[in-house]
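1. Here you go, sequence then predicted model.
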Amino acid sequence: MAVLPISITTGQRRENVAKQDGHNEPKIILALAQIDATHELISENTDMLRILRNEYAKGYARNLDVLAQETQLAQIYATLPPLLKQLAQQRDLLADLSGGYPSEEMPETITLSSLTLPTDLPVSLPSSLVEQRPDIRI
């Protein structure tokens, strides 16, 4: 593992992070996408619960149906805290690797839809790219 010099600037640290640890940013993007999807599920299930409660009040639905929908909504809510924790951990890790502090604001949030794949992919991996991997440098 290469030791970074102490006198490097923040910009240089961020470049080093991009070279050494580019896999944390996609994890942040995926965590944000999962959190957004969970919020959408919560919204949809809340609407369904409201409709079922209205139907139950009019006698069209059973109490069992309302309880089942409440349980489903509670289960979806239960998936949110681990996702938020994962997002916070990934942001803290990225801040630490870039030489900042976890309490500092992230410069920008990248969305999953903003990522694009290259149109021309090489058939083989260049040796200079392979040499950058810390597990191969040893």
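-> Perfect, I can see it now.
2. does residue 88 count as helix, strand or coil?
-> Secondary structure for residue 88, judged by DSSP: H, G, I helix; E, B strand; the rest coil, is helix.
3. got it, and residue 105?
-> From three-state DSSP, the assignment for residue 105 is coil.
4. OK, contacts around it?
-> Residues near residue 105 by Cβ atoms under 8 Å, 6 or more residues apart in numbering: none. In short, each C-beta sits where N, CA and C put it, glycine included.
5. Angles on the backbone of the spatially most distant residue from the centre of the chain, please.
-> Here the chain reaches farthest from its C-alpha mean at residue 59, the gap being 42.7 Å by Cα atoms, centre = their mean. When read as degrees, to the nearest 10, the backbone of residue 59 gives phi 90, psi 10.
6. tell me, what residue is most central in the chain?
-> Closest-to-mean residue, the chain, Cα atoms, centre = their mean: residue 31 / 1.6 Å.
7. which one is it nearest to, not counting chain neighbours?
-> Nearest non-adjacent residue to residue 31, counting by Cβ to Cβ, 6 or more residues apart in numbering: residue 87, 4.1 Å away.
8. Tell me how many other residues surround the one you found.
-> 17 (other Cβ atoms under 10 Å).
9. show me what contacts the nearest residue to residue 77 once chain neighbours are set aside?
-> When the adjacent residues along the chain are set aside, residue 77 lies closest to residue 42, with 6.5 Å between them (Cβ to Cβ, 6+ apart). Contacts for residue 42 (Cβ under 8 Å, 6+ apart) come out as 73, 76-77, 80.
10. Same list, these, but as TSV with secondary structure please.
-> Shown next, in TSV, are the contacts of residue 42 (three-state DSSP):
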residue	secondary structure
73	helix
76	helix
77	helix
80	helix
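11. Can you flag the buried ones in these?
-> Using 16 or more other Cβ atoms under 10 Å as the burial test, the contacts of residue 42 include 73, 76 as buried.
12. Thought residue 85 was touching the residue nearest to the centre of the chain, still the case?
-> No - applying Cβ atoms under 8 Å as the test, residue 31 and residue 85 come out as separate, 9.5 Å apart.
13. element containing the residue nearest to the centre of the chain, please.
-> Assigned by DSSP states H and E, residue 31 falls within helix 24-58.
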